[in-house]
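A.B. asks: this one's sequence-less:
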């Protein structure tokens, strides 16, 4: 099926939708897909911090959340 044919089928399906929650979900997905990429809005320092964290995780340098809670005295939510 061509892209144009898929678009037309989706348009036809969308015009027949009656369920408000499905319509709202599709609308929210559309808005999210149009939004600016949050990563592009970060500063160079923020991006570097994320890169360091990713490298740490890849290298196995992680701490389980229970250890962090013990260190900072916070109980798990819930």
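C.D. replies: Arrived safely. Predicted, not measured: the structure shown is a model, and the values here were computed from it.
A.B. asks: how much space separates the spatially most central residue of the chain from residue 59?
C.D. replies: Taking CA atoms, centre = their mean, the centroid of the chain lies closest to residue 32, which sits 9.1 Å from it. Relative to residue 59, residue 32 is positioned 32 Å away (CB to CB, to the nearest Å). Where C-beta positions appear, they are placed from N, C-alpha and C, glycine not excepted.
A.B. asks: chain center to the helix or strand of the chain with the lowest mean pLDDT, what's the gap?
C.D. replies: Least confident helix or strand, the chain: helix 65-72 with a mean of 86, by mean pLDDT, DSSP states H and E. Centroid separation for helix 65-72 versus its chain: 26 Å, with CA atoms, centre = their mean, to the nearest Å.
A.B. asks: likewise stretch 21-38?
C.D. replies: Taking mean C-alpha positions (CA atoms, centre = their mean), stretch 21-38 and its chain are 11 Å apart.
A.B. asks: would you mind listing the outside residues contacting it?
C.D. replies: Around stretch 21-38, the neighbours that count as contacts under CB atoms under 8 Å, 6 or more residues apart in numbering are 14, 17.
A.B. asks: buried set for it?
C.D. replies: By neighbour count on 16 or more other CB atoms under 10 Å, the buried set for stretch 21-38 is empty.
A.B. asks: okay, now the unreliable bits of this structure?
C.D. replies: Applying pLDDT under 70 to the chain picks out residues 76-78.
A.B. asks: quick one, helices of it?
C.D. replies: 3-16, 20-34, 44-58, 65-72 (DSSP state H).
A.B. asks: what comes up buried for the first one?
C.D. replies: Meaning helix 3-16. Quick answer for helix 3-16: no buried residues (16+ other CB under 10 Å).
A.B. asks: residue 64 - how many residues pack around it?
C.D. replies: Using other CB atoms under 10 Å, residue 64 has 8 other residues around it.
A.B. asks: and what of the one 5 residues further on?
C.D. replies: For residue 69, the tally of surrounding residues (other CB under 10 Å) stands at 12.
A.B. asks: same deal with residue 42?
C.D. replies: By other CB under 10 Å, 13 other residues sit near residue 42.
A.B. asks: and it, what is it in contact with?
C.D. replies: residue 50.
A.B. asks: what about it, distance to residue 75?
C.D. replies: Distance, residue 42 to residue 75, using CB to CB: 31 Å.
A.B. asks: alright, calling it a day.
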